[in-house]
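Colleague: Here is the input, now give the coordinates:
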Amino acid sequence: MSHRKLEPGRLVVASHNKGKIREINELLQPFGFEVVSAAELDLPEPEETGLTFEENAALKAQAAAKASGLPALADDSGFCVAALDGDPGIYSARWAGPDKDFDMAMRTVEEKLQSEGAVNPHQRRGSFVAVLCLAWPDGHQELFRGEVEGEVVWPPRGTQGFGYDPIFLPDGKERTFGEMTSEEKHGWSQDAPALSHRARAFQLFAKGCLES
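Modeller: Numbering: from 1, shown residues only. This is a model prediction of the structure:
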């Protein structure tokens, strides 16, 4: 499938989440864009009414592109726990409440796992999913999905990262995302595979729209 190439210039990161903005900025840094966030432009946050990560990423990217007149890159991501039928999933941010209390959200995940009797590692499988949507003001859009599998651990470990990172131990690693630097979490370079869900989606985006 052919992709539309994104030429260097101004690019809106369609987010008000400081953690996401920081990580996407880090990933974009080598490509020479003048990056501005939706928060910096004081753009309103659209209501996320979609039922999938793809739908919500597209809603955010299209709204920012239309409002700014610039290409916009949006991320919709979430933490999916197998024993909880994929929850919190697309509602991951909502589990943290209006105050964005992810300590509470992580406790909720653990309480629900305990209530399901999920105490062994094979019962505590989880994944992070990220979908990036690049939208242009003319309505064209591109979607890229990344996922990473692992185990839900308790208690939380590490103070780096954000969201549910301290309770997610990716397969093959000995430290949670909360214990990794952003460089370790991304695990991505021009010739190495990505580790995090966001970096895996970004690697596909880069190959499709930045390097083509």
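
Colleague: Verify the contact between Thr34 and Leu11 for me.
Modeller: Not Thr; residue 34 is Glu. Yes. Proximity of Glu34 to Leu11 meets the contact threshold set by Cβ atoms under 8 Å, at 7.0 Å. From N, CA and C alone the C-beta is placed, and that goes for glycine too.

Colleague: So between those two, which is more surrounded?
Modeller: Neighbours were counted for Glu34 and for Leu11 using other Cβ atoms under 10 Å; Leu11 has more, 21 against 10.

Colleague: which residues does that one bridge with?
Modeller: Val35 (DSSP bridges).

Colleague: Can we start the residue count at 459 from this point?
Modeller: OK, 459 is where the count begins now, so the last one is Leu469.

Colleague: quick one: it from Glu642, how far?
Modeller: 25 Å (Cβ to Cβ, to the nearest Å).

Colleague: Ok, Asp559 next?
Modeller: From Asp559 to Glu642 the distance is 26 Å (Cβ to Cβ).

Colleague: just Ala496 next, same as before
Modeller: 27 Å.

Colleague: of those two, who's got more company?
Modeller: Ala496 (25 against 14).

Colleague: got the contact list for that one?
Modeller: Neighbouring residues of Ala496 by Cβ atoms under 8 Å, 6 or more residues apart in numbering: Val470, Val471, Ala472, Ser473, His474, Glu503, Lys518, Ala522, Ser526, Ala530.

Colleague: Determine the three-state secondary structure at the fifth one.
Modeller: Reducing the assignment to helix, strand or coil with DSSP: H, G, I helix; E, B strand; the rest coil, the entry for His474 is coil.
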